[in-house]
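Colleague: model the structure of this input:
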Amino acid sequence: MFDGPPVEEDNADAVAEANPEDEEDKSRKTSVKEAPEKLPHHILVEEVVRNPRMHYFKVPRLGSYIAIQLEYESSLHEEAFDEGVKEMISVHKRRADLEDEKAEWEKEEQTRKEAKE
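Modeller: Down below sits the predicted model:
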């Protein structure tokens, strides 16, 4: 399976502590270096056909492959199910509206074709 990078226990470069002399002057703020943006750990295979680590269950496909670790909170609570139902109703309504627009457009196109003839 996908294993993330090893976690560093002590990151001394990320936070610089203030000197003890600065404690006397409370108007000064402790200086904190901002850690550079850390991109998520990923596995990228540029050319899957030429990489011997790739396994195919059927016919090989051309292209590349990327795997990232996704972390999210559990959706196993009642509010998540309610939101899912609301979203499904919204999707069905939008789909019906698009079908109506499509039927209307096709009808207009048909009348234009008949008018040309």
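Colleague: for residue 66, which non-adjacent residue is spatially closest?
Modeller: residue 44 (5.0 Å; C-beta to C-beta, 6 or more residues apart in numbering). Every C-beta, even on glycine, is put in place using the N, C-alpha and C of the backbone.
Colleague: thought that neighbour was touching residue 63?
Modeller: No. Counting by C-beta atoms under 8 Å, residue 44 does not reach residue 63; the two are 11.9 Å apart.
Colleague: show me the shaky parts of this protein.
Modeller: 1-33, 39, 72-75 (pLDDT under 70).
Colleague: please redo it, this time with the cut-off set to 50
Modeller: 1, 9-24, 26-28 (pLDDT under 50).
Colleague: what about the strands in it?
Modeller: Along the chain, the segments classed as strands by DSSP state E run 42-45, 65-68.
Colleague: re earlier: residues near the residue nearest to residue 66, how many?
Modeller: Neighbourhood size, residue 44 [other C-beta atoms under 10 Å]: 9.
Colleague: ditto for residue 54
Modeller: Counted with other C-beta under 10 Å, residue 54 comes out at 13.
Colleague: pretty sure it is touching residue 48, no?
Modeller: Yes. Counting by C-beta under 8 Å, residue 54 does reach residue 48; the two are 4.9 Å apart.
Colleague: which residues do the two both contact?
Modeller: 60, 65 (C-beta atoms under 8 Å, 6 or more residues apart in numbering).
Colleague: if we can go back for a sec, contacting residues around the residue nearest to residue 66?
Modeller: Contacts of residue 44 were listed using C-beta under 8 Å, 6+ apart, and they are 64, 65, 66.
Colleague: now rank those residues by neighbours and give me the top one.
Modeller: residue 65 (13 neighbours).
Colleague: beta-bridge partners for that residue, please?
Modeller: Beta-bridge partners for residue 65, by DSSP bridges, are residue 45.
Colleague: confirm for me that it is in contact with residue 53.
Modeller: No. Under the criterion of C-beta under 8 Å, residue 65 is not in contact with residue 53, lying 10.1 Å apart.
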